[in-house]
Each structure stands twice: as structure tokens, then as C-alpha cells.
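[1] when you get a sec, could you give me coordinates for this:
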Amino acid sequence: MSATVLIPYRVLPANLAENFRLKMRVDFSSTEADPGARHLGSGEYSLGTDSDWNPDVHDLTIECLLGDLARIAPLFEQGGIAAADAVLLIALEWTSQDSAARRLGPVARLTRSQLPDVGLEFRLSLTLPAGTVRGTGMVVVQMFLGDPGTQADSDLGLARQMGLRLGALSGRIYVVVDGDGSLFPVQEEALGSEGALWEMRIAWSDPREEPFEIEYVALVLNRDHELFGQLRDRQSVQGRQTPLMRHVLASWIALLVHEVRSELGMDFDSIVSGQVHAVDFASIAEAAAAFVRSGELDMQSAPALFASTQRWLDRRAREMERIA
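    Numbering: from 1, shown residues only. Sure, this is the predicted structure:
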């Protein structure tokens, strides 16, 4: 049995970023090499493509320019989340399941008296040291309660607990560090010791329209499986993928390509060749087509597809070892 803690105060709604339409610009830099950030659309970026930047030896600084903050004045009013004289704190947060990391950048103070300035902007930053970033991650502006203020008692729903996490002030920015495609949707779940080591989870209605995100398709790794610990090289500083993990990734990619091609037929071949495009560049179909092009995958048969995918990932692993 597990206990669920209910917060007695109001927090930021999930649709806040969309409703308030805050301006948000994200930049990526490093002290020694340009990360070569590439915008993939739908709030996704890849790093390291056509660049000398290497996450194993170079740091990464993420900067966010947040504007139009005058629009969030209702947060300090009756029915909002904080008293009129409260102090809110905002900071960039990086989370990565692949790196098993969660980091916060320096915080900035936000008060109700600042908001009448329609040109108010905040520049937030977060630096991730070399050797601590790999795989994929998510960047979001988080809000916390710095000081509840003296007027918090005027509304029982206003936050009073200092340091309380109030939620995300911005939309989510996804970053894939290895750089040759869209975000790779991997998640870990407890599926039981008798469950499979991994499974593909599909929730799309049309792979040409849904984005290549965990909500629609995912590689789900079973934390309870006896081989789960062998998916990462725990002795490596960067936690490199093991041959077993490469085999899992190759099988999942091959299965994804097979499923998308089975559903779309000749339309998928046209997407691969570039004759037609899916509705969204970051769609599931476009991601699968990008895998086929990048790995020069053989789609003549299912066995050929699985074998060519494994050979592709093995080549990439050898290339990364030479760079390191």
C-alpha cells in the first residue's frame, strides 16, 4: 500500500503556458564547442549533429529568455496561487531518465510589483557539466513559493509552505543529445519480475499525424526484470549503453518501422524517399522514415530489417567509442 499526499493549495494548471502565451526562447551553448542545436519542431531540439561538441568532454549551458510575464498577474490575485505580497521563484529545470538526473539552475525572484512592467523579461540559465548529459532530456521553467507573504490568510487556497513546487510555468522543451533524429521515447516502469524486459506501447491513430512522443509510442523498459541492470554500463562515467541495450533499441526501432510500414503501405515508402511528407516533421511516420534513411535499413523483409538495424547501431557504437 502506498500513501498519496494531497497538496492543500492551488498549483499551476497544466494548460497555463498555452493560456497565458508567454514568450519563451531557448539557446544552447558550451564553453569550448558549439552544440549545433537543431530545432526539430514541436518543441524538440537535437544537439551534436554536424558539430564537434561531445557531451562526454564538453559542458552544456541552456539559456531561456522568458517574456510577457505581465500576463501572469492573476496568479497573485484572489483565486490565484499566491498572496499579493508573496515572492515566487522561477528556475530552469533539466530532467533526464537516460542520465538519471534532475537539476535546477539559479532561481529568479518574481513579485506582483514587477508585473506592471510590460517589457519584463527573465533570462534563466542552467549549466550541465561534461559527462553528465546523455540520451534525452526535458527542459521546463518551474515555479516555487519563495515567501508566502503576510496576506496569505485572505484565501485558504493560497500557497503557504515555503519551497513548495507550484508547477511548470512554461511548455516543455525536449532535447535529444545524440542528435540524428527526433526525441527517442523511452520510459521505465515496474512491470513485474515475470514481465518482459521491454515492450512497445502504441497509442496512435495515424502515425502521420501524432508526434513521436511517449504519449503515442514508447519503448517501455521493465525495472523489475532480472536483466534490467545490464542495460547500462554502471562502471562507465557516462553510463554507456551495453550490447544488451543496443539489441533492445535495434529490435524496438525495427519493430516501429515494421508497424508503421504495415499500416501506411506505399505511403511510408514515399515518406522515406522524400516524395511526400507526413503532416508534422516530428511525427511518428517521419521519425521512422528518418531511422530508415540514417541507417540505410533494408525493408525487403522483416528478418532483413531486424538484421540491418542491429548492424547500424553496432556501427554507431563503434564510432562513438573512437570519438571517446
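
[2] flag the shaky bits of the stretch 51-200 of the chain, pLDDT-wise.
    97-100, 117-118, 178-184 (pLDDT under 70).

[3] where do the strands sit along it?
    60-67, 87-96, 101-104, 108-111, 122-128, 136-147, 165-168, 173-176, 186-189, 198-202 (DSSP state E, counting those that start in this stretch).

[4] so what strands line up beside the fifth one?
    In its sheet, strand 122-128 lies beside strand 60-67 (antiparallel), with partners assigned from DSSP bridges.

[5] and the strand it pairs with, what's buried?
    60, 62-64, 66-67 (16 or more other Cβ atoms under 10 Å). Heads up, the C-betas are built off the backbone N, CA and C, glycines and all.

[6] which of those residues sit farthest apart?
    Leu60 and Gly67 (23.1 Å; Cβ to Cβ).

[7] care to break this protein down by domain?
    By the assignment in automatic domain parsing, the chain contains the domains 16-176, 186-323.

[8] make a markdown table out of the ones you listed and add distance to Tyr9.
    What follows is the domains of the chain, written out as a markdown table (distance: least, Cβ to Cβ, whole Å):
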| stretch | distance to Tyr9 |
| --- | --- |
| domain 16-176 | 4 |
| domain 186-323 | 28 |
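
[9] that older thread, of the strands of the stretch 51-200 of the chain, flag the one that's most buried.
    Highest mean neighbour count of the strands of the stretch 51-200 of the chain: strand 173-176, a mean of 23 (counted as mean count of other Cβ atoms under 10 Å).

[10] tell me the strands beside it, with direction?
    As assigned by DSSP bridges, strand 173-176 forms pairs with strand 44-46 (parallel), strand 136-147 (antiparallel).

[11] what's the closest of these to Arg112?
    Nearest of the strands paired with strand 173-176 (Cβ to Cβ): strand 136-147, 11.9 Å.

[12] start and end of stretch 155-172, how far apart?
    Using Cα to Cα, to the nearest Å, the end-to-end distance of stretch 155-172 comes out at 30 Å.

[13] what's that stretch in contact with?
    7, 9-14, 16-18, 22, 24, 43, 64, 66, 72, 78-83, 86, 88, 90, 138-148, 152 (Cβ atoms under 8 Å, 6 or more residues apart in numbering).

[14] kindly report the same for stretch 242-252.
    197-198, 200, 219, 221, 227, 230-233, 241, 306, 309-310, 312-314, 317.

[15] buried among those? Need that as a selection in PyMOL.
    In PyMOL, this line selects whichever of the contacts of stretch 242-252 come out buried by 16+ other Cβ under 10 Å:
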select buried, resi 197+198+219+221+231+232+241+306+309+310+312+313
